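>>> Need coordinates for the following:
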Amino acid sequence: MAQITITVILVILLQSVSATQDTVFDSGNKVIQNSVQYFNNSINLSNNIGHSEYPHLATYGNNVYVVWIDDTSGKRDIYFKRSTDDGCTFSETLDISNQSGSSLDQHIAVSGNNVYVVWEHIPENNGGIFFVRSTNSGDNFEEIKNLGNNTGFNGYPQIAVSGSNVYLVWHDATHGILFTRSTDNGDNFEEIKNLGNKSGNNGYPQIAVSGSNVYVVWTSNVQEKNGQVFFTRSTDNGDNFKSPIVLGEAKKDEIGTMVFRPQLTLDSKNNVHVVWHSGRIVQHADVKALITDIQYIRSTNGGESFGRILNLSNYSGWSINPQITVSQNNNVYVVWTNNAQEKYGKIFFTKSTNNGDSFEEIKNLGNNTGSSVYPQIAVSGSNVYLVWHDAKHGILFARSTDNGDNFESLSLSNNYFDKSLYPQIAVSQNNNAYVAWANNATGIEEIILKRDTKNNNCTNLNVGNRTKNLYNDTTTDDLKSKKSINIALVDATFTTAAYDKSFYMFYEIYHDADGLANITKYTDLLFSKVVQRDKISSEYQDLVNHLKWLSPNSSVDVLTDEDVHNASSIFANKKTNIYDVIILGHQEYVTQQEYDNLKRFVANGGTLILLNGNVLYNEVNYDEDSKMLTFVKGHGFYYDGKSAQKSTNDTWDERWKDETRRWLGSNYLCCYDSKIVFRNDPFGITHNEEQHITNKKAKILIDYNATKNQKDASIATYLLEYKKGKVIGLGIWTDDKLLKNERFFRLLDSLFFQYVFND
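Next comes the predicted model:
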């Protein structure tokens, strides 16, 4: 009955979105009247009980195609919908991936009756690239093809089509930038080519095609070195590629400068236009900022050579995520987010009327006190279309009918400005504009579409709401939700006490001493009171909130080390597990009882997730009456309650080293003075504290291709089955930045979909 109530409320709220009067703005966000043709009412394409996110659009003739990510079925799949009448009516939803775990980074291309979709899938196979096609305009799709594994959750696949040729490019964590093609409309694909320098540091490839010419651009950001933008081309339909050339790189005196997200487009003269943003860290005292610029370069001879780099933004702030397009009359248009002093994002736009030789003065299209982000651009004739997310007005749409000289804008999402994200835009050959985005007004994301066409009077306006699973031929109007489970996140209260001007002061005092025995001086530092915190850190609160979002029917509790130390908090009748999943953070210090209870939890059938490196490293004693924590063994020291000793070797470094290897699967990879570099770096991480796999039975899910002091180190996200349960270790340090990193949460979600909800 509760589920029916939620669905009714959802429908009512979405109907209210459709019925609300659109608000129209000029480029300075002042209200104007009747300047932009009004869009039709909102269409809810997904309308289900799961999270529907990240839409992508394509058009061909009167057909409109939409793909998005959806987890209604208990997995995160790629869903597809089409319209054959300019977006008036849509077919039933097709689940075109249907894989356990998570699909993401989907892209769609259309040529005639052929519809092609490519995406990345995790967590197994170190990430994989999957492809599927329809030969009947999306009426149904064929079997999925696995084109390549080892993307390292960093594949970012891209697709381009020219006639019967289908071209794919992606990043591979071991080999660099990979390319393959099909010459028979995607029926078969040829042997994969490596376009880069066989380095996993390459990433974010983009591809464009014109006739027999194929162009690919990507970045290389080697850690602690300068970033570069690489380009290569083929003049024979992808048979052969020229040696890559560097389009742009940081100056030698700007160590640490990085390049991001190149975009590539072509014009009717076969000129090549590339744009990206680059930046460097600027620090003074405790103030650190990333200063970035929008860079542009072009080739006027089909990519044989390139001219000078133009700086389009000139350090006007934190300029990021440029988008570029070229009109039929070869005007070049660029839009980006400008976030001055990392505060309020604005949408900046510039154009070139001389094919990129020079650019006009920048226009500020989103001048709000809030943040404007995620700009997208499309062009048709003299019309230039823009869409972006605005923190004050929601999804803003802007159109220029005079080649970008003047713009008028319209809010499409009205009062749900803080709940509308990731807009996408497509313009059809007959100059119809379509905008789709994810709307979270109800707490359950839906894919919303609006259409602005020459004729808005649809005789029928509806959406097929059934979802069909193509690969087991089941269709349902009321899809199942994810499994309800019990989750516990353990706050590292013992480790917090150990760091509280206590144990580490003792370590530092005797750091340079060798083999000392009967140490009695300063041993009072080996005691620390455990103080109950009023609330957990903001990062872990974000994690709790995310888990509640991911699985609304599940319970998410926050425990402490004291709770796990006390077996009654995690076991019923001292035998069975209370929780299905326990998540550890920085549990560097634990008691013998806590250690044993965690091991028994896994043996009983529980799933233990390790967010951080450096866990279960030191033994402490805990007195429940006095709340006093006492150091016992670890970090090369041993304390018997009266005197301490320091070992001459690593005997006491990791307290349960061999036992931990057998059931946990990994051990701490020491130390801060080690030079560790991640050649597969999907999250932008740097060395902090890591676990490395020490049990050969552990299954690597995401390999970070790490080196320690120039030698390979097996740092990976992994799975180890132990008795009835399993351990999932992230391997890397996730506190601080990663618990604010959206892509990291995608990895975490995939682990839940694959190994928790599916059980």
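>>> okay, how far is it across stretch 495-507, tip to tip?
End-to-end span of stretch 495-507 (CA to CA, to the nearest Å): 15 Å.
>>> same question, stretch 568-580
In stretch 568-580, first residue to last residue: 15 Å (CA to CA).
>>> per-domain residue ranges of the protein.
For the chain, the structural domains run 52-200, 488-668+717-757, going by automatic domain parsing.
>>> Rounded mean pLDDT for the first one, please.
Averaged across domain 52-200, pLDDT comes to 94.
>>> repeat for stretch 748-756
Averaging pLDDT along stretch 748-756 gives 95.
>>> Quickly note the distance from Lys145 to Ala160.
17 Å (CB to CB, to the nearest Å). Every C-beta, even on glycine, is put in place using the N, C-alpha and C of the backbone.
>>> and what of Asn545?
39 Å.
>>> who's more crowded, these two?
Using other CB atoms under 10 Å as the criterion, Asn545 and Ala160 rank with Ala160 on top: 23 against 11.
>>> Just confirm that one is within a helix.
No. Read with DSSP: H, G, I helix; E, B strand; the rest coil, Ala160 is strand and lies in no helix.
>>> which residues touch it?
Ala160 sits next to 109, 166-167, 207-209, 214 when contact means CB atoms under 8 Å, 6 or more residues apart in numbering.
>>> Quick one: mark the members of the residues you listed that sit in strands.
109, 166-167, 207-209, 214 (DSSP state E).
>>> which of the residues you listed count as buried?
With burial judged by 16 or more other CB atoms under 10 Å, the buried subset of the ones in strands among the contacts of Ala160 is 109, 166-167, 207-209, 214.
>>> Adding distance to Asn44, write those residues out as CSV.
Converted to CSV, these look like this (distance: CB to CB, whole Å):
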residue, distance to Asn44
Ala109, 25
Val166, 32
Tyr167, 34
Ile207, 33
Ala208, 33
Val209, 34
Val214, 38
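>>> Mind jotting down where the helices sit in the stretch 351-500 of the chain?
Ranges of helices in the stretch 351-500 of the chain, per DSSP state H, counting those that start in this stretch, are 493-499.
>>> So, low pLDDT: which residues of the stretch 251-400 of the chain?
Across the stretch 251-400 of the chain, the ranges flagged by pLDDT under 70 are 251-257, 281-290, 315-317, 340-343, 367-370.
>>> between the buried ones among the ones in strands among the contacts of Ala160, which is closest to Ser382?
Nearest to Ser382 among those, counting by CB to CB, is Ala208 at 22.8 Å.
>>> hang on, the closest one packs against Thr265?
Yes. Counting by CB atoms under 8 Å, Ala208 touches Thr265, with 6.2 Å between them.
>>> so who does Asn311 touch?
Counting by CB under 8 Å, 6+ apart, Asn311 makes contact with 293-296.
>>> Just the ones of the residues you listed in strands?
Using DSSP E, those in strands are 293-296.
>>> Shouldn't Arg746 be within a strand?
No. Assessed with three-state DSSP, Arg746 is helix; it does not lie in a strand.
>>> Surely it is in contact with Asp105?
No. Using CB under 8 Å, Arg746 is not in contact with Asp105; the gap is 9.3 Å.
>>> neighbour count winner among those two?
Shown here are Arg746 and Asp105; by other CB under 10 Å, Asp105 has more neighbours (24 against 19).
>>> and the more buried one, what helix or strand is that in?
Following DSSP states H and E, one finds Asp105 within strand 102-111.
>>> now that strand and strand 158-162, what's the angle there?
With axes from the mean of the first three to the mean of the last three CA atoms, to 10 degrees applied, the angle from strand 102-111 to strand 158-162 works out at 10 degrees.
>>> Next secondary structure element downstream of strand 102-111?
Helices and strands here follow DSSP H and E; after strand 102-111, the next one along the chain is strand 114-122.
>>> Tell me the strands beside that next one, with direction?
Strand 114-122 sits in its sheet next to strand 102-111 (antiparallel), strand 128-134 (antiparallel), going by DSSP bridges.
>>> is it possible to export the ones you listed to TSV including distance to Ala391?
Compiled in TSV, those are given as follows (distance: least, CB to CB, whole Å):
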stretch	distance to Ala391
strand 102-111	25
strand 128-134	35
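>>> wait, which of these is closest to Ala58?
Among the strands paired with strand 114-122, the nearest to Ala58 by CB to CB is strand 102-111 (4.7 Å).
>>> Mind listing what's buried along the closest one?
Buried residues in strand 102-111, counting neighbours by 16+ other CB under 10 Å, are found at 102-111.
>>> Distance from the chain centre to that strand, please.
Computed by CA atoms, centre = their mean, to the nearest Å, the separation of strand 102-111 from the middle of its chain amounts to 15 Å.
>>> Put the alpha carbons of it into CSV.
Output in CSV follows, covering the C-alpha atoms of strand 102-111 (Å, rounded to 0.1, in the frame of the first residue of the first chain):
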residue,chain,number,x,y,z
SER,A,102,26.5,-0.9,-13.3
SER,A,103,26.4,0.5,-16.8
LEU,A,104,27.5,4.1,-17.4
ASP,A,105,28.9,6.6,-19.8
GLN,A,106,26.5,5.6,-22.5
HIS,A,107,26.5,7.2,-26.0
ILE,A,108,24.2,6.8,-28.9
ALA,A,109,24.5,7.3,-32.7
VAL,A,110,22.0,6.9,-35.5
SER,A,111,22.3,6.4,-39.2
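>>> Quick check: Lys699 vs Phe745, distance?
Going from Lys699 to Phe745 by CB to CB gives 22 Å.
>>> quick one, which of the domains of the chain is packed in tightest?
Among the domains of the chain, domain 52-200 has the highest mean neighbour count (mean count of other CB atoms under 10 Å), at a mean of 21.
>>> starting at the chain centroid, how far to it?
The chain centre lies 17 Å from the centre of domain 52-200; the measure is CA atoms, centre = their mean.
>>> cool, stretch 294-308 as well?
Taking CA atoms, centre = their mean, the mean C-alpha location of stretch 294-308 is offset from the chain mean by 30 Å.
>>> can you list contacts of it?
Residues contacting stretch 294-308 (CB under 8 Å, 6+ apart): 213, 215, 229, 231, 233, 235, 245, 247-248, 259, 269-278, 309-313, 319, 322, 324, 332, 334, 336, 355-356, 359.
>>> try 7 Å this time
By CB atoms under 7 Å, 6 or more residues apart in numbering, the list of residues contacting stretch 294-308 from outside reads 213, 215, 231, 233, 247-248, 270-278, 309-313, 319, 322, 334, 336, 356.
>>> How about the secondary structure of Ser674?
Looking at Ser674 with three-state DSSP, the answer is coil.
>>> Give me the neighbour count for the closest residue to it other than its chain neighbours.
Excluding its sequence neighbours, the residue lying closest to Ser674 (CB to CB, 6 or more residues apart in numbering) is Lys708, at 5.3 Å. Using other CB under 10 Å, the number of residues around Lys708 comes to 19.
>>> Lys708: what's it in contact with?
For Lys708, the contacting residues are 669, 674, 676, by CB under 7 Å, 6+ apart.
>>> Return the member of these nearest to Ala173.
Ile676 (16.1 Å).
>>> thinking again about what came up before, quick check on the contacts of stretch 294-308: which are buried?
By 16+ other CB under 10 Å, these give 213, 215, 231, 233, 247-248, 271-278, 309-310, 312-313, 319, 322, 334, 336, 356 as buried.
>>> For the residue of the chain positioned farthest from its centre, list the residues it contacts.
Residue farthest from the centre of the chain, counting by CA atoms, centre = their mean, is Asn518 at 52.3 Å. By CB under 7 Å, 6+ apart, the contact set of Asn518 is Ser643.
>>> picking up where we left off before, the contacts of stretch 294-308 in strands, which ones?
Of the contacts of stretch 294-308, the ones assigned to strands by DSSP E are 213, 215, 231, 233, 247-248, 272-278, 310-311, 319, 322, 334, 336.
>>> Mind jotting down where the strands sit in the stretch 501-650 of the chain?
For the stretch 501-650 of the chain, strands defined by DSSP state E, counting those that start in this stretch occupy the ranges 527-529, 555-560, 571-572, 576-577, 581-584, 589-591, 607-610, 618-623, 628-634, 637-639, 644-646.
>>> average pLDDT for the fifth one?
What strand 581-584 shows for mean pLDDT is 98.
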